[in-house]
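J.: structure, please.
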Amino acid sequence: MGPSDGAARGPPADRASDGAAPSIAVSVVLPAYNEASTIESTVETTLGTLGDFLEPGTFEVIVAEDGCDDRTPEIADRLAAADDRVRHFHSDERLGRGGALEHAFEAAHGDVLVYFDTDLATDMRHLEELVERVRSGEADVATGSRWMPENVADRPAKRGVPSRVYNGLVRTFLRSDLRDHQCGFKAFSREALETLAEEVEDDHWFWDTEMLVRAQRAGYEVTEFPVDWTPKGDTKVDLVRDVLGMGSQILRTWWQLSVRPRLSQRVGLAAGAVLAVLALVLMTQYLDFGTVLAEMRDADPALVGAAALVYVLSWPLRGFRYQDILTELGYREQLSFLTGAVFISQTGNLVFPARAGDLIRAYVVKARRGIPYPSGFASLAAERVFDLLTIASMAGVVLLGYTATGQTAELARTVVGAEGAGRVAVVVAMGVGLVAIAAVIGIALSARSDRDVVTALVYRVSTDSYADFVAGVIGRFVGDLQTVAGTRRGFARVGATSVLVWTLDVVTALLVLAAFSPGLPAVELIAVSFFAVSVGNLAKVLPLSPGGVGLYEGAFTLLVVGLTPLGAELALGAAVLDHAVKNIVTVIGGYASMLGLNVSLTTAVEETRDVREAREEAPELD
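T.: All right, here's what the predicted structure looks like:
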């Protein structure tokens with residue numbers, strides 16, 4: 001991004017080196033995105049209002065034009081060429097509202113830095129008060145407010161209700177004393193803005209909220225005063241921006257300001273211990289451990305031990321597979337670290353619902369190795385896609401065999417007549433399988449299409465400019481996913497490793513089932529183990545319980561009973577013991593990985609800051 005005094009566009013000018021008068025006291029920045037119909041009148045009104053209370057030559061107006069695709073750049077160039085009080089900053093690419101403001105402020109000459117929305121929704125008679133509150137030294141930051149008790153704005157419900165909810169969340173989670181954080185009418189002292197800008201991470205709509213919150217936390221004097229405000233333009237509640245974007249930024253800032261300062265290495269290690277214990281406690285809510293122990297006494301301990309060993313051997317393969325996925329995305333990491341990260345995330349999935357452990361893994365690889373969140377989530381998605389394809393293929397092959405022998409009719413009668421967790425699990429597994437197939441087909445088609453499918457889908461939900469940002473993140477996510485599965489080498493290696501991982505998972509269950517001496521022929525034992533484990537794991541995909549406990553046992557038991565002459569008690573005992581062995585190995589490995597990798601939240605957050613700074617110095621790594 002560079003300034004343009006007139007039509008020229010070059011690198012940002014230094015405050016004291018471009019011939020600007022040192023007497024400039026106030027710089028007003030107008031963030032502009034496709035404002036061709038209003039920008040000229042807005043600049044004229046701003047200049048006239050500033051001239052009413054400031055001496056000539058003491059102010060400037062900067063048009064921060066943010067990657068417009070209309071006539072705004074042409075108009076801004078003309079205005080800057082005609083009036084030396086006007087400057088134009090152009091960007092070929094979208095920087096976001098906050099990014100455009102920051103870059104313009106960096107080259108502004110004034111000691112009081114002001115911005116307001118170009119639609120002039122706030123009555124300009126308040127501009128003098130806004131400027132003077134900072135210029136007089138009364139405040140470091142001043143902001144207009146539409147929600148002060150003495151002057152509540154008359155807003156339509158579709159704008160007023162979301163605004164009140166949003167400000168309520170900011171006040172509650174971020175402990176802000178202000179009533180209105182997003183009124184586009186603010187002023188900063190230069191010292192306050194330059195200091196705060198180093199800490200603010202958002203570069204779009206949340207930028208000004210984060211500035212106000214961090215200013216209060218840093219001890220700056222922040223003043224809020226009522227303004228007359230009239231809604232301009234046709235706007236609407238934007239689900240993409242308001243829910244996904246702003247909500248996630250509130251949570252991120254809450255974590256950084258309220259949670260992180262209370263964490264230490266000791267707290268991080270203690271949290272790991274609590275995590276492991278909590279996983280076991282939660283398992284007791286779904287399983288009767290008395291039954292588990294009784295079944296274990298009846299089972300062959302040697303075969304149960306062999307099952308546990310086989311499952312342990314599957315974990316380095318999981319790390320190797322994750323290493324291959326990241327390698328396809330351009331990130332080469334050590335096998336030991338990645339195996340530990342997988343252990344930790346899977347332990348988290350046992351404790352928290354909604355597969356929150358996956359978020360933990362994305363955070364760990366981001367903080368410890370600098371892998372961006374979109375790539376981290378894409379690598380996880382690629383892993384899940386291969387998991388689904390592998391276990392669905394296993395189940396499909398066995399189902400074809402059962403169909404050839406005429407056993408599917410009996411299986412169907414068993415499922416239809418069943419009740420409770422078993423039937424729910426099988427139905428869930430069928431739905432998950434169909435969705436997985438549809439998702440893979442969709443990704444494959446989007447990879448072959450010249451059309452920007454992601455952006456088109458996002459714009460069906462949102463037409464706001466923030467949709468560009470969201471579409472970019474999702475597009476990168478899908479692109480990385482296509483990168484992993486789009487090459488023969490990547491698909492073959494990751495696919496082969498996935499088959500080995502899930503084969504060992506099935507062998508674990510097979511050994512546990514064999515430990516109960518079921519008396520089944522080897523072929524039948526192998527077939528039912530592959531089918532029951534595959535369907536059970538498909539059922540676990542939906543986060544209906546931590547670790548899928550209950551769903552897996554239900555599907556496993558129902559299928560074993562429907563496809564073999566074994567009784568329900570033996571089938572349930574084998575399912576419980578199989579899942580218990582796998583979960584116990586996971587918890588032990590997860591806790592050991594936390595200790596071995598010294599994964600504490602404090603360390604992770606500090607390294608996140610280091611990674612961010614390194615990436616800013618070397619943006620090509622991003």
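
J.: next up, phi/psi of residue 187, please.
T.: As for residue 187, its main-chain torsions (degrees, to the nearest 10) stand at phi -140, psi 150.

J.: what's the answer for residue 66, then?
T.: With angles defined as degrees, to the nearest 10, residue 66 sits at phi -110, psi 80.

J.: separation between it and residue 103?
T.: Distance of residue 66 to residue 103, given as C-beta to C-beta, to the nearest Å: 9 Å. Just so you know, the C-beta spots here come from the backbone N, C-alpha and C atoms, and that holds for glycine as well.

J.: which one's more surrounded, these two?
T.: residue 66 (26 against 20; other C-beta atoms under 10 Å).

J.: thinking again about what came up before, give me the common contacts of residue 66 and residue 103.
T.: Common neighbours of residue 66 and residue 103, using C-beta atoms under 8 Å, 6 or more residues apart in numbering, are 91, 95.

J.: got any ranges where this protein has weak pLDDT?
T.: Residue ranges of the chain with pLDDT under 70: 1-22, 150-161, 232-245, 260, 262-296, 351-357, 402-487, 539-551, 597-622.

J.: show me the strands in this structure, by range?
T.: In the chain, the strands defined using DSSP state E lie at 2-4, 26-32, 59-66, 86-91, 112-116, 141-145, 147-148, 151-152, 185-189, 222-226.

J.: nearest to residue 536, out of those?
T.: Proximity to residue 536, assessed across the strands of the chain by C-beta to C-beta, is greatest for strand 59-66 (51.2 Å).

J.: hey, C-alpha coordinates of the closest one in CSV?
T.: C-alpha atoms of strand 59-66 as CSV (Å, rounded to 0.1, in the frame of the first residue of the first chain):
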residue,chain,number,x,y,z
PHE,A,59,-5.2,19.6,9.2
GLU,A,60,-5.2,17.0,6.4
VAL,A,61,-7.7,14.4,5.0
ILE,A,62,-6.4,11.0,3.9
VAL,A,63,-8.6,8.7,1.7
ALA,A,64,-7.6,5.2,2.7
GLU,A,65,-8.9,3.4,-0.4
ASP,A,66,-8.8,-0.3,0.2
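
J.: quick one on the thing from earlier: among the strands of the chain, which is the most enclosed?
T.: Most buried of these, by mean neighbour count (mean count of other C-beta atoms under 10 Å): strand 59-66, with a mean of 26.

J.: re earlier: distance to residue 579 added to the strands of the chain, as TSV?
T.: Output for these, formatted as TSV (distance: least, C-beta to C-beta, whole Å):
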stretch	distance to residue 579
strand 2-4	60
strand 26-32	55
strand 59-66	53
strand 86-91	54
strand 112-116	57
strand 141-145	55
strand 147-148	52
strand 151-152	57
strand 185-189	56
strand 222-226	54
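
J.: for the residue nearest to residue 364 when sequence neighbours are not counted, give its distance to residue 85.
T.: Nearest non-adjacent residue to residue 364, counting by C-beta to C-beta, 6 or more residues apart in numbering: residue 341, 5.0 Å away. Shown here: residue 341 relative to residue 85, a distance of 56 Å by C-beta to C-beta.

J.: same drill for those two, tell me which one is more crowded.
T.: Shown here are residue 341 and residue 85; by other C-beta under 10 Å, residue 341 has more neighbours (25 against 20).

J.: tell me who's in contact with that one.
T.: When contacts are counted by C-beta under 8 Å, 6+ apart, residue 341 touches 319, 322, 361, 364-365, 593, 597.
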